[in-house]
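Novice: Next comes the sequence, and after it the predicted model I'd like to discuss.
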Amino acid sequence: MEMREHEGRIIRPIRDEEWGDTMALVWRVFLRYEVEDYSTEGVNNFRDFIADDTLYMMFRQGVYRVFGCFEGPKICGMISVRSGNHISLLFVDEKSQRQGIGANLMRYLCDCLVEEGQSRVTVNSSPYAVGFYHRMGFTDTDEVQYSQGISFTPMEFIL
Ligand SMILES: CC(C)(COP(=O)(O)OP(=O)(O)OC[C@H]1O[C@@H](n2cnc3c(N)ncnc32)[C@H](O)[C@@H]1OP(=O)(O)O)[C@@H](O)C(=O)NCCC(=O)NCCS
């Protein structure tokens, strides 16, 4: 799916030259909302994950897919998917939260996955986003996990 418009905002795959701004948004929102739930090790692991050249190369090869929500040229939210149907990152800028952007990014992604023949989507939810994913209809598939300084709840949504 190429592009979807909603209330003046456009959701579409990000372009190569938008990678830097997209990861800057992720890091900014992470520091504002998620950092307190992570140990120092977890924060360093997260920073290394988004700054990793391998991730960028996987994006360039189309293996790691990233979709952005844009207000004009400015990115205000993003969602990424790996391994075909696993949500890797979902971040909405502070000033743009609670306006339906996260839900619209999610719908866009789910529609893409249905078109591709996927039957479910999975996520390891951050502690902060558990309420959001439950609101979106996700259900827990396991108890809270803790790995490499990061705690998360594995969830799924049947498409
Ligand atoms: C989680 C996040 C992506 C939600 O984005 P958003 O654009 O604010 O979400 P929406 O406005 O689309 O909200 C959709 C619904 O979820 C609810 N919701 C949003 N955030 C919520 C939260 N933290 N807890 C409980 N419910 C939440 C909204 O009230 C709304 O409910 P409604 O349909 O009854 O109105 C955003 O808060 C964020 O970037 N958080 C920090 C990063 C993060 O934790 N990402 C997840 C990584 S796995």
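Specialist: Yep, that arrived.

Novice: Quickly find the element holding Val66.
Specialist: Val66 belongs to strand 65-71 when elements are defined using DSSP states H and E.

Novice: For the next helix or strand after that strand, name the packing helices and strands.
Specialist: The first helix or strand that comes after strand 65-71 along the chain, using DSSP H and E, is strand 74-82. Under the contact definition 3 or more CB pairs under 8 Å, 6 or more residues apart in numbering; DSSP states H and E, strand 74-82 sits against helix 19-29, strand 65-71, strand 86-92, helix 101-115. From N, CA and C alone the C-beta is placed, and that goes for glycine too.

Novice: circling back: quick one: mean pLDDT over the strand holding Val66.
Specialist: Strand 65-71 shows a mean pLDDT of 97.

Novice: next one: that strand to chain centre, how far?
Specialist: For strand 65-71, the gap between its own C-alpha mean and the chain's C-alpha mean amounts to 10 Å (CA atoms, centre = their mean, to the nearest Å).

Novice: what does that strand contact?
Specialist: The set of residues external to strand 65-71 that reach it, using CB atoms under 8 Å, 6 or more residues apart in numbering, is 8-14, 18-19, 22, 59, 75-82, 89, 92, 96, 101, 104-105, 108-109, 112.

Novice: repeat for stretch 32-49
Specialist: Counting by CB under 8 Å, 6+ apart, stretch 32-49 makes contact with Trp27, Phe30, Leu55, Glu94, Ser126, Pro127, Tyr128, Gln148, Gly149, Ile150, Ser151, all of which sit outside it.

Novice: How about the residues of the protein by the ligand?
Specialist: Among all residues of the chain, those adjacent to the ligand (criterion: CB under 6 Å from any ligand atom) are 29, 33-34, 90-92, 97-103, 123, 125-126, 128-129, 131-132, 135.

Novice: List buried members of those by neighbour count.
Specialist: The neighbour count (16 or more other CB atoms under 10 Å) marks 29, 33-34, 90-92, 97, 101-102, 123, 125-126, 129, 132 as buried among the residues of the chain next to the ligand.

Novice: pLDDT wise, what is the residue sitting furthest away from the middle of the chain at?
Specialist: When each C-alpha in the chain is compared with the mean C-alpha position (CA atoms, centre = their mean), Thr40 comes out farthest, at 21.6 Å. According to the model's per-residue confidence, Thr40 sits at a pLDDT of 94.

Novice: okay if I get the buried ones among the residues of the chain next to the ligand as a markdown table plus pLDDT?
Specialist: Conversion of these to a markdown table gives the following (pLDDT from 0 to 100):
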| residue | pLDDT |
| --- | --- |
| Val29 | 97 |
| Tyr33 | 94 |
| Glu34 | 91 |
| Leu90 | 98 |
| Phe91 | 98 |
| Val92 | 98 |
| Gln97 | 97 |
| Ile101 | 97 |
| Gly102 | 98 |
| Val123 | 98 |
| Ser125 | 97 |
| Ser126 | 95 |
| Ala129 | 97 |
| Phe132 | 98 |
